[in-house]
Structures are given as C-alpha cells and as structure tokens.
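Asks: Need a 3D model of the following:
(chains A and B)
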Amino acid sequence: MIFPKWTNRTPLPVAVGGGFVLILVVTAFAYYISPYSTQVGYAPTQPVPYSHKLHAGALGMDCRYCHVAVERSPVAMVPVSQTCMNCHSVIKKDSDKLAPIRQSVDTGLPVQWVRVHHAPDFVYFNHSAHVNAGVGCESCHGRIDQMEVVRQAKPLNMAWCLDCHRSPEKYVRPPEFVTAMGYVPAGNQLELGRQLVAARNIHPPTDCWGCHR
Amino acid sequence: MEDRVTPESKTPGNGRAQWRSLEELSGSSEYREHAETEFPDYFAEALDLPPVAENAALSRRSFLGVMGASLALTGLAGCQRPLAKILPYSKLPEDLLPGVPQSYATVMQFRGMGEGILVTSNEGRPTKIEGNPDHPSSLGATHSYAQASILQLYDPDRSQFPTEGNASRTWEEWNAWLTPKLTTLRADGGRGLAFLSLPTASPTLRAKRAEVMAAFPNARWVDYEPLNRDNAIEGSRLAYGRPFRQQLALDQAEVIVSLDSDFLFVEPNSVRHARDYGRRRRVASTQDSMNRLYVVETVFSITGSMADHRLRLAPTQVAEVARALAATLTGQHSMYLGGETWSAGTLSDRAQVFVATLARDLAEHRGRSVVLAGGSQPPEVHALAMALNHALGNVGPVVRYTLEPYPAQQREGIAGLAKAMDTGQVNFLVVLGGNPAYDAPADIDFTARMRKVPDVACLSFYRDETAEKANWHLPETHFLETWGDAEAWDGTRSIQQPLIAPMYQGKSELEVLSMFLGRPLDSHALLQEAYGREWGVFSGSRWDRALNDGVLPGTAYAEITATPDFSSVTAAWSRRTPPASGGIEALFRPDYSVWDGRFANNSWMQELPDPMTKIVWDNAALLSSKTAESLGVKDGDLVSVSVANRDLEIAACIVPGLADGAVVLPLGYGRKRVGRVGDGVGFNTYALRTTTGMDIAPASVKAGAGHYTLVRTQDHQAIEGRPLVREGTLEEYRKDPEFAREMNEAPPPLTLYTNKEYDFSKPPQWGMAIDLNTCIGCNACTIACQSENNIPTVGKEQVKKNREMHWIRIDRYYVGDVEEAEAVHQPIPCMHCENAPCENVCPVNATNHSADGLNQMVYNRCIGTRYCNNNCPYKVRRFNFLAWRKHEPEVIKMAMNPDVTVRMRGVMEKCTYCVQRINRKRIEAKIAQRDIQDGEIRTACQQVCPTEAIIFGDLLDSESRVAKLKAEERSYTLLEELNTQPRTFFLARLRNPNSEMEKA
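Replies: You can find the predicted model right below:
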C-alpha cells in the first residue's frame, strides 16, 4: 500500500481548495487590469487648491503658459512658484489659498505638489516627443479644463500606451490643436491621422528600449 | 575545430600562441576549472552558507511566522499608492530646463597640468565628465582618472568640516585661531612659517602663493608631489641650462623611441599624445603608412604593449641603451653630438641588435622621429634624449620647447623642509593639498618630523594620514566645487568654473591663502580680481566667452629655441655610476588605478583591472618568472622586499615580459586613513621609497612566509582557442589585405530560424567598430561606461567569483613566449548580434531585438534565470548576484545618471550601446524633422577614447564612418562561425616591425 487510508478523503478538500485558489487568482487578475489598480480617478489633495477648470477652462489659458518645458524636455514641468506670481502679485494677492506660493517665493523653498500621473521608474516617458508628434494633452490627461481637482483620467498602463504606439493615426492631431481641449477632428480621424503620420514621419517605437532602459 | 584548415601564418597571433595568463599557457588544472565554470564558487556558496547568528536561533515555526507576516505586510503595502511629490523650483535658474541635462566647460588639474573637460549637469548635479574638444590637452577625450573624479565628488568619506585635534570646529574658529598667529608671524616676516603644497598649473594660485611669500618673506615654500617631474626638469637643466618642457607633435613622428616613457598614459599630456599617436596608426588602405614604436622598458606599460619592438631591461640598463644609442649614432651614422665620443657600454646581444637597428631607423628618419625618456629615468637620460632629438633634427617638426612654469626641485624641497622641521626652524607648517605623512620619502620620516612642529595645519580632501596628525585639519573642495584656473600642457589657460556649490564646508587652497593675507574672500571674487588685474579692466563679455569655450585663446606658452650644451650632457654621463650587475633593482611606478594613492577611496578605480596585470583591489611586487624562480617564489607568495634597510612584506605577482633582475612596485596602496573603500587595500610601497631611490633603487627580495590572494580578471570571461584578436604586420596587410578574415573559415550563414523575426533593412541600423590597431588598452572606456550607465562595483571578494559588472571589458592577450611576450588589447562590449543566442533562451522574453538592431535587455521583465548569460558566446552579460547598491551611502545616488535605470538584485544587464543617448538624439532629430547625422550619437566609450578607436553609427548609411570601417578589409567579427551576425566588429591589429631587426 503506497498511500495511507486517509488519502481517500482528500479529493474533496483539494477540489474545494483548488477552486477557491482559482477564484482568488481570477479576481486578483481582474483587479490588476481594472481601473482600480491603474488608479484612474486618483485625485489627491494638493497644497494649493489650484483649479484647472478656472485657469485652463474659464480663463482659457494655454497649457504651455505654465508647463513651459513640455515642448522641449522629457518633463512638462510643474510651474515654478514665480510663474503663479506673474499674475497673483496683482490679482488676489492676499488670498489665503495662495499662502504656500507666496511662502515659496519668499523662502526659495519648493511647493510640495502631489504627483498625480505616476509612470513607473523604469518608464522613460518624454513629453516633448509626444507633443511635437501631435499627441494632444487631452489624449493622456483628459479634459483638464473641466477638472476642479486634477485626477488621473486614463489608465496609463503599457497596453494603453501601445494602443497609440501601434496605430498613432487613431489619435494624432495637427500640431496647432495639441493643447486644445475638447478637440473634434475636422473629418474622419483615421484618414486625417494617416495623413499626419505620413506627413510628419511619425514612427512611434514599439521596441522595449523605446521607453524602458 | 579539427577539420579547420588554417595555415600557420594565418593564425591570429601571427603564428604564435595568444594567451591571457601564465596558467592558461601552461594549461594548469586550476585554470581549466576556472575557465569551465564561468562563475566559480556559486554552488559552494549556496551550500555552504556561514551560519548567521539570528538565523541560527530561528526555528522552522518562527521562520514561517515571520515569512507570513512579511508577506501580509507586503501585500498591504502593495495596495497603497506611494505618495510622490513634485518639487518645482521656486524661481527657475537661468538657462535651466528640468529634464534636459546641461554641459559646462571647466578644467581638472592632474599631474601638474590642466585638462579641459565638459561636465554634464542634471538639475545642478554633475553626473558625467567628458573631454573638451577645444582644449589642446584633451581634444574631446579624457583618461580614466578624469572620469572617476566625479565619484570622488560624492565620496561619503570626504572631510566635511574643520577639526582641531579630534574636535569639530568651524571656519570662524579657525580664523579666530589664525588671526593672532598671523600678527606675530607678520612681525618677523613669517619666520618659522612653512608651506607645503602640490605643484599647480593655476596661474592665479601661483600668483597668490607669491603674494603670500611677499607678505611673509622669511617663510619657506615647498612643493612636493610623490610622482613629480624632477628628473625631466633636471635633465633639461643639464642639456639646455634651463628648465624646458617638451611639447610633442607625435603625429609628425615616423619613429618613436621610448626609454621607459609611458607617454600614452603615465607621462603628462598623455591624452593628447595618445590622440596624435593614434592618428599615425590608422590604416584605411594598403597605401597608408604607420609610425614605428620602439620601447625599452622594465615592465609592460600600455605604451610597451603597443610597441613594434620592445626590449625589456632592468631599470638602470635602460639608460645604458640610451648611451649605446648615442655611441652608435655618433660612431656609425655621423651624427653630431658636440663632437664628444660616446662609449657603447655593455649590453646583451639582443640589446645590441636592437640598438643597431634602432639607430639606423633613426638616422633614416631625421626630423621625423623622437626619443622620449620616462619620468623614472635619471636626469642624464632625459638630457641625452633632448640632445639626440636636437642632433636628429627633431626639434622643430616633432619636439618644441617652452619654459617650465614651475621648475622647483621637489625631492630636495621636501628633504630640506624635513631638515628644517627637525632642527626646530619650523613652528607653523601649513600643508596644502598633499599627503606627505603617507607619500613622502621613507627616510625623511615625515610623521616623526611633524611631531617636532608645534602647529601643523592641513588642508586636504580626506582626513588622511597627514591631516590626522595635524593640530588643525581643514576640508578641501573638489575641483567641481570651486573657482580657479589651470594651464594646459602647452600653457593654454582655462577657467575652472564650479558645477555645484561646496557640498560640505570645504574651501580651496586659493581661499585659504586669502585668509593668510588677512582678506578672506571666496574663490569667485579672488579669480575675478586676478583677471581684472591681468586684463587691466575686468571684461564681463571676455569672461563669459572664456567660461563658455573652456579655453582662453592665445594664452599658450611662447616657444623657445635653444642649442643644447653637449659637453654638459657628456659630463653628466661621465659622473654616472655604472649599474651594479647581479643584484635586483626596484622600480617604483604610479599605479594605473589609484595613481599615487589619491584615488584609493574611489571604488571605480579600485575595481578597474590594471591594463596589464589585470589585478583589481591590490598592488603587488611584479617579478619575471625567471627572477621568481631563482628566488623560489611562486605567484601570489608573500615576499619580503628590502630597499635601503627597509623591509616590506608584499605579495608577488609573476608577469610576462618583465625584465629579469627587477622588482616593480606600484605606488598608491596600503593607505590607512582615507575611507571605507581604500583603507588597508594593498601594500604601502612608499615604505621602501627613499630620497636616494625615488624611482630606481637596489633591492633584495626574499621569499616570505605565506600566500596572498591576488584577484585578477585576466582569466574571467575566457573564450579560448579561437581567433579572437587577429593581428598581422603592415607588410602582410599590404600583401593580403583580407588576412584577418581568412584566419577563420566562416561557414555559410545557416540558421534554424527560417522566418526572420526582425527586418534590418530600415535605417538606422546601429553598429560599432573597434580598431584594435589604435586601442591602447587605457581603460578609459570602462570607467566612462561605468559612469554613464550607473554600473555598480562589487568588491574584491565578488570579483574573485567573476562577478565584476563592467559592461565593456578589455581583454589583454599576451602573444608568443613568456619572456619576450608581446601584448594586444581587445575591448569587448555587447556584440548586439542580429541572431542573438541570448534571446532564444530567455523564458520571459526579457531580452529581444529592436527595429534598429539593438539587442535589448528589459530589466522589469527579467526573472534572473541567467540562461542568456550561459548562452552568450562572448560572455558580455552581467548578473546582479547581490543587491550591490543596497548598502551604498545616500550621497552616491547623486552620481547616478537619471536616464538609466539603477538595477536591482536578480536581473541581468549588459551594454546597451548607450541607448539613452540614442533615444535623446532620436527624439531631438524627430522634433526638428530631420535625420540623425553621422557622429551625432556617440556612446560613452567612443566619446572618451583618446585614440578614437571606437566608432559608433548607422551601418546602412554608406557615408557613415562606421560603414566605411565595416567595408575595410581589416574588419572582422568575433566567432563568425556561429552565425550570430554581430553588430560590433573589430579591425585587425597591425604591427610595423623593422624587417632588419629580424634579419639580424
């Protein structure tokens, strides 16, 4: 006798346990690919209740007024405190909400903004490459002009990136509309996109080292 | 391999054996074991873990408990998004764009000269050093020390604040202590005050020193650096009556003779020399010619490894060759050396043939040759070399003279100072920058003399051997933290602009001297003041221009023409004592890794294999096998070397190509007070160096008791028995330009993979050429790669297990028999094979190919099976066996390149062709809607290379340099029989031997 007698009773617990593990694995995977784990909707409280809805929406300021590096650098650049003071040394100059900005300008210490869009450390995302290729701000960040508090609008996971890297014609815009919010293509996006891809020689890398290194 | 038919002359070593180590040559069982297990000790380590105290007490139950708890905690932590902050500037610094690195021109002082550099700064954090193409001593390249100096900046063991005794102090307290002292000193003109500094190439600092001496006329100023140019300067005084400095145009020389002169590395201005030398070694077609290099030396230097003819001789015998050369040239080739007669002296048969052939070659190349004497040779050899150059008509076309700006005799200087200290003439000694307690001649016993001086203040980068014994220690700034200036070898001046504010409380020598003048200012103000004085009016635009360019045009020294005094040279030779025969001579020389000891706490340099011996983390007494045999010493045995009644127990290392009857002692190790990296590493050979034998000294060597573990990388990553380094002679190349390709019978390109997964038809397709004919094996590429790609160091113990992490290694092969071996260097980065064997075996597709032909390694996919490592025939993959970075101090993070991932334990890594540089340029070109230009992307190893031996570019662009090199007949790939289709290829090494030498 190779197996002792008690092994006769094991199939049922094994089946039940196995089933349980299977459900666990499926649930975990479903969670992993869902927006819950990709953090869509993440909207942390910022030290200054800056409203993109007011500035970019109602006032119609261009994204690049503050995010000055976006066309030239890998980072779009969260504006330096001095940028806020360009206007706020005149407008609402005593507002309590702006106290951290004024303090930063006085002390030279940075305002501690909370990062909303967080690519993993092994991702080397480059804003300038995308913006110059005609990827709209809106395509990755959503309707910023409607956000009182900035929240993550898109999953920013690799499958999502590759969707555009594999077929950029689905998303690219003419350069003049890159910062436009609520952009509607004049005509068929795919057709227009193909023309733009051809004209601007857009070949987004799908190699690993395009983004990871 | 048996059925391969290779004619004898078509073997890679030109009919001779190629080998890396004596063990390989003899085929010892240890070597076989080592070569067959790529990572020795791996299983032994896994099975034989030493018991850890806390683990020993851990029962199975508590172990499970701990594991369960930590798993649960990790699980919980995983659910929480880490809160990350973005900290923008409050006000944006001028010209700074976050995310875009900036480059600033500045200058590094080393070996008493300035070397122009461009420093990359990421948001105010200097991370990488490159050469300044506009600087005459750099031309865009640097040596390994300049590369490694960036790590020095972030050294956690740097001295951070002033100390008095063992108590920490502030600069205010120092000034409060100094001020009354200065008042008394000023009263009697500084009697009893002595300064000991390093020689400097900074004109502003020299002026400031003169100012201090003017304020304290009775004070004493001494310069001392352990590796100095005393011999060369004294030699010039003998030949010309004045201290001259040689300016060489080596690209104009057809015949170069080195009398123990390592002009490609050790001698000052080596980077420029290497560039000029390399220009005359580049051969594109059979019509091209090459220079010819004759080297007479004791131990293999990298210059010796490039020699077309090399003669190994004991140190004092090298001088005899110079004498014989003068005798032959005057006697047989009617050369005028002041009409003096020269006797040939006694030389071995081999040396006689060497001299005769060399003399003929020199006589045939008057005005197109040069004779160089090495720094360790006595003054009369330098004087004779100068006289020979003059007589051969080389002065003018190849050699020019300028006045030596700082000709103080250092050995006499420090001896005189020590005497004064001993007799109580010094009350206040100020050491500025040097470390005499460690590196002063041993017979001086500087430490003991220091005790006789009531007050000693020491400005130094580390709280080192000298600083520790001084009453006051002052922290010194790094050259990237302070303002200054420096002259290139030819005098061209550069402003040294800081890249970062002093990280700690350091001050520069310039600033400290201003305190002695009672007017403490910061270095910026001092420098502008000096230039204002020099220019009459300080010009902001001129200043900005100088900062931008990194050079001040038109500041080179004036050339001097003079006639040598031949009789003075002859007189010096007649005074020379003939070398004693039979004994052993010791030769002290700088170490290729730590120089004179100042890089001892730099882990990059410590782990850098010596170019010739391949020793890491150590120095050793180098002996020839014959000498060792006669002493009964085996490789790695401890021996007792004694020089002038001083003994040192040191490990012996047997190296090929070393002269018999000589022991070579590299300096710079055995430091006691430098930091966590360098303390207690190696043997302090300064203990044997005395004022009478600074370079060469009679010695005796006895076998000692015990064995020492020397770690050498020479047998690591061995790919034996295959034609890897292919070499021929210039003549053979002219007869059969494709000789290198014929050395291997490449099978038809068969592959199991019929459906090609990758299409390599679209440009760009990256490739790299490495010209073995110009590679001098100087290691600069290895360190540049380490700096660019955040490569960790692993320590001696781990290197012993073949776990070094360098992405580009330099394999050094010896060719021929042991005693008269020649050497070749071969840098090996990743080959980026089109049919990469590593890719097929990865179970998780962590390594695969990109459309532009790069063999990609994706760290976030890698699960660490190491299959790729096992399957790589070139052995270029490196595995993170341990978390090398985990225990590094926080400050080291500042040295990291932000564009490259810092790898963790358990992942594989390897050369990426600097993909971060490719991507940067690709994006730039894309934004500008243009194509990438040839030469726009340079890998770190390419950019640093002094001889431009490495060229990277697009193989499909027929106009690119790399494609042209690929088309050359000398080009070949490694192991083409495997049909891996490597993108990295080599150009065969050529030697240019003198046919008459063989006839004789």
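Asks: B:F599 touches B:Q152, doesn't it?
Replies: Yes. Counting by C-beta atoms under 8 Å, B:F599 sits close enough to B:Q152 to count as a contact (7.3 Å). Just so you know, the C-beta spots here come from the backbone N, C-alpha and C atoms, and that holds for glycine as well.
Asks: Of those two, which one has the most company?
Replies: B:F599 (25 against 21; other C-beta atoms under 10 Å in any protein chain shown).
Asks: where's that one, which helix or strand?
Replies: Using DSSP states H and E, B:F599 falls within no helix or strand.
Asks: May I see the buried residues of the longest helix belonging to chain A?
Replies: Ranked by residue count and defined by DSSP state H, the top helix of chain A is helix A:11-33. The neighbour-count criterion (16 or more other C-beta atoms under 10 Å in any protein chain shown) identifies no buried residues in helix A:11-33.
Asks: what's it in contact with?
Replies: A:S37, A:N157 (C-beta atoms under 8 Å, 6 or more residues apart in numbering or on different chains).
Asks: just the strands in chain A please.
Replies: A:113-114 (DSSP state E).
Asks: Next SSE downstream of the worst-scoring helix or strand of it on mean pLDDT?
Replies: The weakest-scoring helix or strand in chain A, judged by mean pLDDT, DSSP states H and E, is helix A:35-38 (a mean of 70). The helix or strand immediately downstream of helix A:35-38 is helix A:52, counting by DSSP H and E.
Asks: And chain B, is that following helix touching that?
Replies: No. Helix A:52 stays clear of chain B (C-beta under 8 Å from any C-beta of the partner chain), getting no nearer than 15.2 Å.
Asks: Just the mean pLDDT for that helix, thanks.
Replies: Taken as a whole, helix A:52 has an average pLDDT of 95.
Asks: Give me every residue in chain B lying close to chain A.
Replies: Contact residues, chain B versus chain A (C-beta under 8 Å from any C-beta): B:81, B:83-92, B:97-100, B:848-852, B:854, B:856, B:858-861, B:899-901, B:912, B:915-916, B:919, B:923, B:926-927, B:929.
Asks: how distant is the longest helix of chain A from the center of its chain?
Replies: With C-alpha atoms, centre = their mean, to the nearest Å as the basis, helix A:11-33 stands 32 Å off its chain's centre.
Asks: go on, stretch B:976-993?
Replies: 26 Å.
Asks: Ramachandran angles for B:R545?
Replies: phi -60, psi -50 (degrees, to the nearest 10).
Asks: how many other residues sit next to it?
Replies: 13.
Asks: got the domain boundaries for chain A?
Replies: As assigned by automatic domain parsing, chain A contains the domains A:5-33, A:52-78+A:118-211.
Asks: now, of the ones you listed, which is deepest in the fold?
Replies: Among the domains of chain A, ranked by average contacts under mean count of other C-beta atoms under 10 Å in any protein chain shown, first place goes to domain A:52-78+A:118-211 (a mean of 17).
Asks: I'd like the distance from that one to the chain centre, please.
Replies: Worked out by C-alpha atoms, centre = their mean, domain A:52-78+A:118-211 lies 9 Å from the chain centre.
Asks: what does stretch B:774-792 give?
Replies: 10 Å.
Asks: Could you tell me the average pLDDT over it, please?
Replies: On average, stretch B:774-792 scores 95.
Asks: Can you give me the distance of the nearest residue to B:V355 once chain neighbours are set aside to chain A?
Replies: Nearest residue to B:V355, sequence neighbours excluded (C-beta to C-beta, 6 or more residues apart in numbering or on different chains): B:A324, at 4.6 Å. As judged by C-beta to the nearest C-beta, to the nearest Å, B:A324 and chain A stand 58 Å apart.
Asks: now swap in B:D251 and tell me
Replies: Distance from B:D251 to chain A, by C-beta to the nearest C-beta: 38 Å.
Asks: Now do the same contact list for that residue.
Replies: B:D251 is in contact with B:D276, B:Y277, B:R279, B:R280, counting by C-beta under 8 Å, 6+ apart.
Asks: Okay, now the unreliable bits of the stretch 651-800 of chain B?
Replies: The model of the stretch 651-800 of chain B has pLDDT under 70 over residues B:720-721, B:746-747, B:749-757.
Asks: sorry, that was for chain A
Replies: A:35-36.
Asks: on that earlier part again, which of the contacts of B:D251 fall within helices?
Replies: Going by DSSP H, the helices hold B:D276, B:Y277, B:R279 from the contacts of B:D251.
Asks: Would you point out which residue is most central in chain A?
Replies: For chain A, the residue nearest the mean C-alpha position is A:H117 (4.5 Å; C-alpha atoms, centre = their mean).
Asks: Spatially nearest residue to it (excluding sequence neighbours)?
Replies: A:Q152 (5.9 Å).
Asks: now swap in B:V456 and tell me
Replies: B:A470 (4.0 Å).
Asks: likewise B:V512?
Replies: B:L459 (5.5 Å).
Asks: so how far is chain A from B:Y504?
Replies: B:Y504 is 21 Å from chain A, by C-beta to the nearest C-beta.
Asks: ok but that residue is inside a helix, no?
Replies: No. Looking at B:Y504 with DSSP: H, G, I helix; E, B strand; the rest coil, it is coil, so not inside a helix.
Asks: what about it, neighbour count?
Replies: Applying other C-beta under 10 Å, we find 13 other residues in the vicinity of B:Y504.
Asks: Skipping its backbone neighbours, what lies nearest it in space?
Replies: B:Q160 (3.8 Å).
Asks: Look up the pLDDT of that neighbour for me, please.
Replies: 94.
Asks: which residues touch residue 140?
Replies: Defaulting to chain A. A:H117, A:H130, A:A153, A:K154, A:L156.
Asks: hm, I was asking about chain B
Replies: B:E130, B:G131, B:N132, B:P133, B:Q943.
Asks: with the residues you listed in mind, which one is nearest to chain A?
Replies: Among those, B:Q943 lies closest to chain A (C-beta to the nearest C-beta), at 18.1 Å.
Asks: And the closest one, what's its pLDDT?
Replies: Looking at B:Q943, its pLDDT reads 96.
Asks: where's it, which helix or strand?
Replies: helix B:940-944.
Asks: got the buried residues for the very next helix or strand once past that helix?
Replies: Next helix or strand after helix B:940-944 toward the C-terminus (DSSP H and E): strand B:950-954. Across strand B:950-954, burial judged by 16+ other C-beta under 10 Å covers B:I950, B:I951, B:F952, B:G953, B:D954.
Asks: helices or strands up against strand B:950-954?
Replies: strand B:766-771, helix B:940-944, helix B:961-967 (3 or more C-beta pairs under 8 Å, 6 or more residues apart in numbering or on different chains; DSSP states H and E).
Asks: what's the most buried one of those?
Replies: Buried most deeply of the helices and strands packed on strand B:950-954, by mean count of other C-beta under 10 Å, is helix B:940-944, with a mean of 27.
Asks: In chain B, where is pLDDT below threshold?
Replies: Judged by pLDDT under 70, the stretches of chain B that qualify are B:1-15, B:37-81, B:720-721, B:746-747, B:749-757, B:999-1000.
Asks: Break it into its domains for me.
Replies: Per automatic domain parsing, the domain ranges recorded for chain B read B:230-403, B:581-712, B:746-751+B:759-991.
Asks: can I assume B:I256 is in contact with B:R368?
Replies: No. The criterion here is C-beta under 8 Å, and B:I256 misses it with B:R368 at 10.2 Å.
Asks: Counting neighbours, go ahead and name the busier of these two.
Replies: Between B:I256 and B:R368, counted using other C-beta under 10 Å, the more crowded position is B:I256 (27 against 17).
Asks: what residues are up against that one?
Replies: Contacts of B:I256 by C-beta under 8 Å, 6+ apart are B:L250, B:Y277, B:N291, B:R292, B:L293, B:Y294, B:S369, B:V370, B:L372.
Asks: ok, now with 7 Å
Replies: B:I256 is in contact with B:L250, B:N291, B:L293, B:V370, counting by C-beta atoms under 7 Å, 6 or more residues apart in numbering or on different chains.
Asks: Thank you kindly, that will do.
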